[in-house]
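Engineer: Show me how the following folds:
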Amino acid sequence: MGRSTAGAVLWRVTVAVLGGVLLFASFPPRPLWFLAPFAVALLTLAVYGTSRVRAAFGYGMLGGLAFFLPLLPWTGIYVGPAPWLALSTACAVFFGLWGVLARWLGGLRGWPVWLALAWTATEWARSNVPFGGFPWGRIAFGQADGWYLPLAAYGGAPLIGFAVALTGTALAALVLRVRAGQRAVDKGIALTGLAVIVAPLAGLALRPTLPAPDDGLRTVTVAAIQGSVPRLGLDFNAQRRAVLDNHVRRTEELADSVARGLERKPDIVIWPENSSDIDPLRNADAAAVITRASERIGAPILVGAVLVNGDRTTTNSVIVWNGAAGPGERHDKKIIQPFGEYLPMRSFFRLFSSYADRAGYFVPGHGDGTVTAANVRIGVATCYEVAFDRAFRESLAAGAQLLTVPTNNATFGESEMTYQQLAMSRVRAVEHGRALVVAATTGVSGIITADGTLTQHSDQVVPAALVAQLPLRDTATIATRIGATPELASVILTAIGAGLLLARRHRANQAQVMRSSGNSE
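Structural biologist: Here you go, the predicted structure:
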């Protein structure tokens, strides 16, 4: 390898890694959303014009590792580094795939658009495969504080991702044109420069179209209870009924505040995922204290609990508990977490980690993603579900007027995971034009309005009760109406782009054969 070649490789490696690091820095809890387009620009520069497919894959994957390794350490915080490293590597493969697509599509006219479409398409792929996909780290989920957020109401997370990626790829194209010595008055430079600014300005211009915080049919008063846990980690529920008693205690403290006129009486109370650490349908003592808390507060409680089925499998459920009437409707978590709530290929993975047998035996539910409490239809996405576009789409189709994300973050310590998940909830609120309540065992719990504003939030590992008047809405955003169309369009268009390149190469090969035949004659 020559010195110049080695220098070029080192330059691309450095740029790819820097791009991944900047993308990580754009994610919560840091409010540096504006770094994401620059990250995509650097990743584009790293893979654009590479001579070999494997080089494009390698540079893309390096950028992916530089992003996912610092983004996901919470996945191994109590189980060792193996799951964290394996998941980060698997996710980085999709950045490598984007690198390959970027190398191919870079030969098309208007290539920044094609590369942005490919970005959205590879995020779709990562959100679906393997084992149901892992959408965590989609570029949209770092934009809750930024100019691009209003785009969620028009095309969901895929449109935000496309807009951010387009800004970055257009910025890379601008750099390449300038580096090639083209003048600023060049038409191509002018168009590329326009592409750099149009997407963020479009998001900024659309902000006034989002619902006002109090815009709705009527209001309800909702309380989110954060009871905390006796200890962080996988054994957060090892002390029988301690987690449940914490949530009962904090609810009864809120009832006392209501009685003294210090707080508004809630119409609905929302507890987190796993707030009952024992099955209240099988344990009379748990049912009794939940009933007592609901009667004291004078409102139905959405209770998160693990329910044991007749075949010894379990469901991660949210139950509407209405005082003496007891349990009513429930949402059984439909999108369950592989390698946590269940373990695919258990016998195989048991060979690599002693923690394999600690994975659960959960089974997915089959409901419509909603429950009714106090005559309000509430869309529920339990913890991991909020990362998936389809979760709340099903809720909205079933008539959800209010959204909630009950979550248990105790198993991830005081990591950045909770802030990453809170940002997803803010994107979902804008996407569907609904107020949203996050109730977490250990925080951060939050109240989010339909324009994505976080109006209240708790601290981590501190018991809290958040009370807010929230509007109920029944109108549908454009994003809700069109559903998965933007993402599917990106996949189809990316495939068309690849097809155009294959057709071009086929014609070029035929022309070469004809020229060779002519010369031989």
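Engineer: In terms of pLDDT, where does Ala356 sit?
Structural biologist: On pLDDT, Ala356 comes in at 65.
Engineer: buried set for the longest helix seen in the chain?
Structural biologist: Ordering each helix of the chain by length in residues (DSSP state H) puts helix 485-520 first. For helix 485-520, burial by neighbour count (16 or more other C-beta atoms under 10 Å) applies to Pro486, Glu487, Ala489, Ser490, Val491, Leu493, Thr494, Gly497, Ala498, Leu500, Leu501. (Each C-beta comes from the backbone N, C-alpha and C, glycine too.)
Engineer: can you list the residues you listed in CSV and add distance to Leu101?
Structural biologist: Shown next, in CSV, are the buried residues of helix 485-520 (distance: C-beta to C-beta, whole Å):
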residue, distance to Leu101
Pro486, 18
Glu487, 15
Ala489, 16
Ser490, 11
Val491, 11
Leu493, 12
Thr494, 7
Gly497, 8
Ala498, 7
Leu500, 13
Leu501, 10
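Engineer: what is the rounded mean pLDDT of the longest helix of the chain?
Structural biologist: Per-region confidence: helix 485-520 scores 83 on mean pLDDT.
Engineer: So what does Ser445 look like in phi/psi?
Structural biologist: When quoted as degrees, to the nearest 10, the phi and psi of Ser445 stand at phi -90, psi 160.
Engineer: my guess is it meets Ser228, correct?
Structural biologist: No: the criterion here is C-beta atoms under 8 Å, and Ser445 misses it with Ser228 at 10.5 Å.
Engineer: With neighbour numbers in mind, choose between the two.
Structural biologist: Ser445 (29 against 23; other C-beta atoms under 10 Å).
Engineer: Return the per-residue confidence for that one.
Structural biologist: Confidence score, pLDDT, at Ser445: 98.
Engineer: residues in contact with it?
Structural biologist: Contacts for Ser445 (C-beta atoms under 8 Å, 6 or more residues apart in numbering) come out as Ala224, Gln226, Pro272, Val438, Ala439, His457, Ser458, Ala464, Leu466.
Engineer: cool, and Leu472?
Structural biologist: Shown in contact with Leu472 (C-beta under 8 Å, 6+ apart): Gly216, Leu217, Arg218, Thr219, Val220, Val376, Gln401, Leu402.
Engineer: From these, list the buried ones, please.
Structural biologist: For the contacts of Leu472, a burial check counting by 16+ other C-beta under 10 Å picks out Gly216, Val220, Val376, Gln401, Leu402.
Engineer: which residues does the nearest residue to the fourth one once chain neighbours are set aside bridge with?
Structural biologist: In space, not counting the residues next to it along the chain, Gln401 is nearest to Leu472; the distance is 4.0 Å by C-beta to C-beta, 6 or more residues apart in numbering. Residues in a beta bridge with Leu472, per DSSP bridges, are Arg218.
Engineer: what sits against the residue most central in space within the chain?
Structural biologist: Taking C-alpha atoms, centre = their mean as the criterion, Ala387 is the residue nearest the geometric centre of the chain, at 3.4 Å. Neighbouring residues of Ala387 by C-beta under 8 Å, 6+ apart: Ser127, Phe134, Pro135, Trp136, Arg138, Phe141, Gln421, Met424.
Engineer: could you redo the last one with a cut-off of 7 Å?
Structural biologist: Residues in contact with Ala387 (C-beta atoms under 7 Å, 6 or more residues apart in numbering) are Pro135, Trp136, Met424.
Engineer: next one: Leu217
Structural biologist: Leu472, Arg473, Asp474.
Engineer: Give me the number of neighbouring residues for the last one.
Structural biologist: Same thing as Asp474. By other C-beta under 10 Å, 13 other residues sit near Asp474.
Engineer: Could you list the low-pLDDT ranges of the chain?
Structural biologist: Within the chain, the segments meeting pLDDT under 70 span 1-4, 182-188, 233-238, 347, 349-358, 513, 516-521.
Engineer: Let me see the ranges of the helices in it.
Structural biologist: Using DSSP H, helices in the chain cover 3-25, 35-47, 53-71, 81-105, 111-126, 152-179, 187-206, 242-259, 284-297, 346-349, 389-397, 417-432, 478-482, 485-520.
Engineer: For Thr313, find the nearest of those.
Structural biologist: helix 346-349 (13.5 Å; C-beta to C-beta).
Engineer: thinking again about what came up before, out of the contacts of Ala387, flag the one nearest to Lys265.
Structural biologist: For those, the nearest to Lys265 is Met424 (30.4 Å; C-beta to C-beta).
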